[in-house]
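>>> Give me the fold of what follows.
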Amino acid sequence: GSSCEKCDFETDVCKYFHELNLQSGWIRRNGRSGMGPLYSDHNGNDSAYFLSLSSEMKSSSATLRTSVFLPTDEHHLCQITFHYWISHMSGTLMVGLQKHSEDTSTKIWQTSGELQNQWKASTVTINSTEMYEV
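Purely as a prediction, here's the structure:
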C-alpha cells in the first residue's frame, strides 16, 4: 500500500513542515494574492496555494525544514516528489538531508534557474538508517 500524502499548502503549510518562521522569507500565496508573477500553481489553478520566496529576499537564502521522518529500510524507501519554479537566473534550489547524528545537512539534489520560468517536477529518493529531516 502507498503511504503517500500530498502536501499542497491549501489550508496550511501541512504537517511535514515546521511552522513557517516569518523571518525565513517563505510566504504562502496563490495566483490571486496580487503579489506579482506566478499566477497559478503547477496545474494552472490560480486559486491553489503554493509557497513563494518574498520579493525582499533578493540576496540571501531561505530554508524550509520538514518534520522528523522515521528511518528507511529495504521495504520502506522514502520518495519525495515536489513541484518547483525558479524565475531568477541566479536562483538555486537545493534539497538537503540531515540525519539526527549529524550537525549539518548533506546536499542530495540541486538545480539553478537558468531560463526555466516554468513549473518542473523532481523526485528524490532517501535512504537513512536513522531519523532524519529534509
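
>>> How is this protein divided into domains?
Domains of the chain are assigned by the TED database as 8-61, 68-133.

>>> Now mean pLDDT too, for those domains, in TSV please.
As requested, the domains of the chain are exported to TSV (pLDDT from 0 to 100):
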stretch	mean pLDDT
domain 8-61	83
domain 68-133	90
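
>>> Might one say that Ser128 is in contact with Asp73?
No. Contact criterion CB atoms under 8 Å: Ser128 and Asp73 do not qualify, at 9.7 Å. Yep, even glycine has a C-beta here, placed from its N, CA and C like the rest.

>>> Can you give me the separation between Gly31 and Tyr39?
Look at Gly31 and Tyr39: by CB to CB, to the nearest Å, they are 4 Å apart.

>>> Which neighbours do the two have in common?
By CB atoms under 8 Å, 6 or more residues apart in numbering, Gly31 and Tyr39 have these common neighbours: Asp46.

>>> So for Ser128 and Asp73, which sits in the more crowded spot?
Neighbours were tallied for Ser128 and for Asp73 using other CB atoms under 10 Å; the higher tally belongs to Ser128 (19 against 10).

>>> Might you report the residue contacts of that one?
Ser128 touches 69, 71-72, 78, 97, 99, counting by CB under 8 Å, 6+ apart.

>>> Give me the more crowded residue out of Gly31 and Tyr39.
Taking neighbours as other CB under 10 Å, Gly31 and Tyr39 compare with Gly31 leading, 18 against 12.

>>> Can you report phi and psi for that one?
Backbone torsions for Gly31, taken as degrees, to the nearest 10, come to phi -70, psi -10.
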